[in-house]
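**Student:** please find the sequence and the predicted model below.
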Amino acid sequence: MNKRYFIVSLLIGITTFHMACTAQPITPARPAPAAAAPAAAAKSPDSDPLAFHRLHKPSGKRNRPPAEDGIHDPGNDGTHALLAPLSVFPSLPKANSGNRVDWVQALAAGTIKPRADQADATEEIVVMDLNIVREVKGSMPNVVYPHKQHTEWLDCSNCHPGIFVPLKGANQMSMAAIMLGQQCGVCHGKVAFSISECRKCHSQSKEPNPAPAAK
Ligand code: HEC
Ligand code: HEC
Ligand code: HEC
């Protein structure tokens, strides 16, 4: 082997090994030696690579009391009048993401009973039961948009006409726009269940795939 080539590849080898040992969560330019795996697995929950993300709090830091949650002003007396989430959440139905509560189930089971109107406790909410099916190309199940579960929480004017024109098929929708916080993403991933729960929206199975054509 050419001597200069040998030295260069030795240097690259050492650099790669060093990068792997310091276990930076960056993908190395070349396959990392096996030494990288145990180093990454030994991480404490505090070095969670998603720790920077306000919606992916490590389990011990989720649902802090209002004065410590970084959202409410601890200097405001009203903040201290609010219930601490963890004093209530353990008794509510569980979900896999967000604040880990299945709010649709909680409402259906009668565990919570939100007011329809802030000032008038006797006001009844107007629920509309109308499903809108949005066909999705490819193998992903179709989207079923349920008016019922939405109008149990929201007013028509929360969506119509600002976010959606009230006419089936009149709105162009796409996953990309939703991920950018538009359309369903105005709420989902923020105040309603997360975008990672694909099956909650993509809930209508299609006909089984036809047998693949012979090549
Ligand atoms: C959370 C958002 C949201 C809320 C709240 C909401 N809608 Fe809708 N609505 C939609 C979406 C999404 C569609 C489907 C639009 C499409 O297919 O392009 C739709 C469609 C409609 C349609 C068209 C149905 C059809 O067959 O063409 C009507 C009418 C409608 N909504 C009325 C209402 C009324 C009345 C309320 C309140 C009781 C309401 N909506 C509350 C999101 C909402
Ligand atoms: C909050 C509801 C919601 C969630 C959650 C959701 N989707 Fe979608 N998805 C939609 C809607 C609405 C459309 C647009 C349907 C149409 O064309 O009318 C869509 C469209 C799609 C499409 C078709 C192509 C495109 O980009 O528009 C794919 C593929 C897709 N979603 C995959 C996923 C996957 C994978 C997940 C989970 C990581 C997911 N979706 C979660 C609502 C959702
Ligand atoms: C204005 C806010 C808002 C918009 C826009 C919105 N949603 Fe929702 N959605 C909610 C809330 C609030 C709930 C009930 C709480 C929860 O499930 O997190 C909900 C619940 C649902 C549920 C019921 C899930 C269950 O467990 O039964 C489905 C399905 C759903 N949304 C799909 C969609 C789709 C698809 C779109 C876009 C076409 C959409 N939503 C747009 C706020 C919204």
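**Tutor:** Arrived safely, thanks for sending. Ligands and ions are numbered 1, 2, ... in the order given.
**Student:** quick check: closest non-adjacent residue to Cys159.
**Tutor:** Leaving aside its sequence neighbours, Cys159 sits nearest to His150 (C-beta to C-beta, 6 or more residues apart in numbering; 7.4 Å). In this view, the C-beta of every residue, glycine as well, is placed from N, C-alpha and C.
**Student:** look at His160 and give its secondary structure.
**Tutor:** coil (DSSP: H, G, I helix; E, B strand; the rest coil).
**Student:** check Val143 too.
**Tutor:** Classification of Val143 using three-state DSSP returns strand.
**Student:** from memory it sits against Lys200, does it?
**Tutor:** No: in this structure, Val143 is not within contact of Lys200 by C-beta atoms under 8 Å, at 9.9 Å.
**Student:** contacting residues for Arg134?
**Tutor:** Neighbour list for Arg134: Asn142, Val143, Val144, Tyr145, Met173 [criterion: C-beta atoms under 8 Å, 6 or more residues apart in numbering].
**Student:** that one and Val104: what is the separation?
**Tutor:** Distance from Arg134 to Val104, counting by C-beta to C-beta, to the nearest Å: 19 Å.
**Student:** and His188, how many neighbours does it have?
**Tutor:** His188 has 20 neighbours, counted by other C-beta atoms under 10 Å.
**Student:** please name the nearest non-neighbouring residue to it.
**Tutor:** Leaving aside its sequence neighbours, His188 sits nearest to Ile195 (C-beta to C-beta, 6+ apart; 5.8 Å).
**Student:** tell me which helix or strand that neighbour sits in.
**Tutor:** Assigned by DSSP states H and E, Ile195 falls within no helix or strand.
**Student:** what is the neighbour count of it?
**Tutor:** Using other C-beta under 10 Å: Ile195 sits among 18 other residues.
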